[in-house]
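**Q** here's my sequence, what's the structure:
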Amino acid sequence: MIKGLSIATVWSTDQERDVRFFTEKLGFEVRGDVSTGEVRRVTVGARDQPDVELTLMRTDGSGLDSESAEALTRLVNKGVLGVGVLRTDDCRAAYEELRARGVEFLQEPRERPYGTEAVFRDESGNRYSLVERHGGGPDPSKEWSEVCD
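**A** Have a look, this model is predicted:
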């Protein structure tokens with residue numbers, strides 16, 4: 001039986017740069033870093049959530065033919081891929097702290113039916129929603145079309 005999500009993929013055009021982004025700017029920790037030949041598998045995660053990791057996978061890595069790798073790299077660089085929603089207890093404070101660390105925000109904190117949300121990009125171009133939930137309300141992932149258009 002499935003017990004939950006363990007690892008999710010984040011497409012990276014530069015793993016070393018993206019490891020620095022996640023650790024130095026977002027405050028994540030490196031959970032694993034293993035190389036086998038030309039393939040490097042590096043995972044990061046939020047310090048307070050040890051059971052979920054993000055694996056930073058190269059867009060030109062193994063398992064992708066050259067046409068697919070090129071198309072994926074273009075999409076990531078263009079900034080059209082959303083990774084997911086990161087939760088926080090105080091969106092406005094987190095926004096100010098992350099902005100001071102050099103995180104590029106596409107949207108300042110805004111009130112939504114589900115809470116306060118800001119949207120940022122990592123240095124490869126992937127989008128993230130940063131959300132402080134307020135009570136119930138709809139799922140923030142359903143509101144992404146508004147900021148991704």
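**Q** for the protein, what spans make up the helices?
**A** 15-20, 66-78, 91-100, 144-148 (DSSP state H).
**Q** of all these, which one is nearest residue 1?
**A** helix 144-148 (29.3 Å; Cβ to Cβ). Every residue, glycine included, has its C-beta placed from N, CA and C.
**Q** can you redo the helices of the chain as JSON lines with distance to residue 84?
**A** Formatted as JSON lines, the helices of the chain follow (distance: least, Cβ to Cβ, whole Å):
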{"stretch": "helix 15-20", "distance to residue 84": "15"}
{"stretch": "helix 66-78", "distance to residue 84": "15"}
{"stretch": "helix 91-100", "distance to residue 84": "15"}
{"stretch": "helix 144-148", "distance to residue 84": "10"}
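**Q** for residue 45, find the nearest of those.
**A** Nearest to residue 45, of those and by Cβ to Cβ, is helix 15-20 at 12.1 Å.
**Q** may I have the closest one as CSV, with CA atoms only?
**A** Provided in CSV are the C-alpha atoms of helix 15-20 (Å, rounded to 0.1, in the frame of the first residue of the first chain):
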residue,chain,number,x,y,z
GLN,A,15,23.1,20.8,-10.4
GLU,A,16,25.9,22.5,-8.5
ARG,A,17,24.2,26.0,-8.8
ASP,A,18,20.9,24.5,-7.9
VAL,A,19,22.3,22.8,-4.8
ARG,A,20,23.6,26.2,-3.7
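**Q** and it, what other elements does it pack with?
**A** Judged by 3 or more Cβ pairs under 8 Å, 6 or more residues apart in numbering; DSSP states H and E, helix 15-20 is in contact with strand 39-45, strand 53-58.
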